[in-house]
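*Asks:* no FASTA, just this:
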């Protein structure tokens, strides 16, 4: 079920003199369909929407109809476009390898009609208009036809509340975002350059194609091919190979039939790539697993010079290198550190300082069985003409990572900060910061180090918990989109994220149970299953509050990935209060830190 459209691809000449900018700086095209303004040196009309899936399945030998339509596929042509469904044209303009759309009329959505005969499958295409009424009618039908299997294409344009109900009933789910799957259904992720079906993976590309094809058409071809293969009892491996061969060789005249596809996938050009999950476990993946060891968290001792100066000044402590070294040394020499901490994030200065035994702090921590990591971003800077910030540090990063690796660091951290306010964060800030995070993560893995990506929604704001959930989910979606674009192996990548709660300045503060529920919902909806793990930042919460909220999140588990903490102030503040710059208080400070660390680790067990 879905829209029935007719895509008209228009190839334009390359003249630019017919483009004009309006008062807002938007470029408009002087376009006339008689060709007097631009020459259309290529026009091609094909059916789109659900009709693409109809054609693919028909070429696989599967008898298929579109709900509410008389459309059929026979002798290489789609027929049956009658008065019941008006032909809707969507014009697709192609120039200089760019594609744009404009639709002169509203699309017509076909209506679900209960089949008069029993069917084996129902496929909800990405173009379907999914609403409450459709979901209820379809679920009623599935209840009455228990042998009918459901496949859905989970498009972002669909209403998520209703899609969630359908996905719970689905045998197959097609998605453009890596996602957790529920029950016994199988999830197929169609990325920009890859297709993943379970633990199988192939890459695909249209770069060598002479004609242009939109992602709407190409993704429908992939989905239809995999669905057809599953219907015919093909394996996940065979389904992926058939889909890749079909999308890479289809043209605007149509797709390939099954026999031709089967011939093609026997050749060398269509071998199945090994999924990263099937490869020998890399050093980065193994390190990530050790960092996410059950019952342990990560100590963040990576405050920048400016941050620790403010902290010391608030306690009347002189901000000297020796005092900074002595302060960090309290944590690294605490007896139970290795029992409750899998790793420690260091600042550049700290990584170069010495422990009491004369070894570098990184070597000292490794000797205790604690993995040393390093903060590699270089702080925040305002976008030009904006109050929003971006994170510096990409310049020269590969060289710095190579040095830190030689110093013993096996993971790194990079923080991006997002404030919630009127119109904030902006799409520009989210897009640019997530791109930077992804580029950093790629460079980390190339250097043999686990990247911790930290997109922090700043707690010090005036916003509701609902707004925090909305913004956090949006940022996470964009982050994982960028991580895929930069080919970051999620099995060797850790997300450091804020808990979902109302801003510190909001009149009504969030209770722990509320925080636990909201945080769990956002993570499950926006964090892909293959990630190495999720660690929470304390983000300005006091130690007791951060631990209580962590416990509430734990109680909402289990999750598809390990979940733990990576706190700084929420672990350090009691020790700082006890030490106050006087090394005569070191033992008391260690005791305060050990108690706080044990209490926080205790929140990783359901209670």
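*Replies:* Nice, I can see it. Small disclaimer: the values here were computed from a predicted structure and weren't measured.

*Asks:* When you work out contacts or count neighbours from here on, use the C-alpha atoms and nothing else.
*Replies:* Will do.

*Asks:* residues contacting the residue nearest to the spatial centre of the chain?
*Replies:* For the chain, the residue nearest the mean C-alpha position is residue 480 (2.4 Å; Cα atoms, centre = their mean). By Cα atoms under 8 Å, 6 or more residues apart in numbering, the contact list for residue 480 reads 527, 528.

*Asks:* 589 is where my numbering starts, stick with that
*Replies:* Done: numbering now begins at 589, and the last item shifts to residue 1068.

*Asks:* That one and residue 736: what is the separation?
*Replies:* To residue 736, residue 1068 is 34 Å away according to Cα to Cα, to the nearest Å.

*Asks:* what's the average pLDDT for the host helix or strand of the residue nearest to the centre of the chain?
*Replies:* Assigned by DSSP states H and E, residue 1068 belongs to helix 1053-1073. Mean pLDDT, helix 1053-1073: 96.

*Asks:* go on, stretch 999-1009?
*Replies:* Stretch 999-1009 shows a mean pLDDT of 97.

*Asks:* Give the buried residues for that stretch.
*Replies:* For stretch 999-1009, the neighbour count (16 or more other Cα atoms under 10 Å) marks 999, 1000, 1001, 1002, 1003, 1004, 1005, 1006, 1007, 1008 as buried.

*Asks:* can those residues go into CSV with extra columns for secondary structure and distance to residue 990?
*Replies:* Output for the buried residues of stretch 999-1009, formatted as CSV (DSSP: H, G, I helix; E, B strand; the rest coil; distance: Cα to Cα, whole Å):
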residue, secondary structure, distance to residue 990
999, strand, 12
1000, strand, 12
1001, strand, 15
1002, strand, 16
1003, strand, 20
1004, strand, 22
1005, strand, 26
1006, strand, 29
1007, coil, 32
1008, coil, 36
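
*Asks:* Tell me where the stretch 939-1088 of the chain has helices.
*Replies:* 949-955, 985-994, 1015-1034, 1053-1073 (DSSP state H, counting those that start in this stretch).

*Asks:* in the last one, what's buried?
*Replies:* It refers to helix 1053-1073. Neighbour counts over helix 1053-1073 (16+ other Cα under 10 Å) mark 1053, 1055-1057, 1059-1061, 1063-1073 as buried.

*Asks:* Also the first one?
*Replies:* Going by neighbour count (16+ other Cα under 10 Å), the buried part of helix 949-955 is 949, 950, 951, 952, 953, 954.

*Asks:* Can you check the pLDDT for the last one?
*Replies:* In other words, residue 954. Residue 954 carries a pLDDT score of 95 in this model.

*Asks:* can you check the first one too?
*Replies:* Confidence per residue is given as pLDDT, and for residue 949 that number is 97.

*Asks:* Would you confirm that it contacts residue 939?
*Replies:* Yes: under the criterion of Cα atoms under 8 Å, residue 949 makes contact with residue 939 at 5.9 Å.

*Asks:* Which of the three states applies to residue 851?
*Replies:* Three-state call for residue 851 (DSSP: H, G, I helix; E, B strand; the rest coil): helix.

*Asks:* Now for it, how many residues are close by?
*Replies:* Residue neighbour count, defined by other Cα atoms under 10 Å, stands at 11 for residue 851.

*Asks:* between the helix holding residue 1068 and helix 1015-1034, how many degrees?
*Replies:* Comparing the axes of helix 1053-1073 and helix 1015-1034 via axes from the mean of the first three to the mean of the last three Cα atoms, to 10 degrees yields an angle of 50 degrees.

*Asks:* I'm done for today, thanks for sticking with me.
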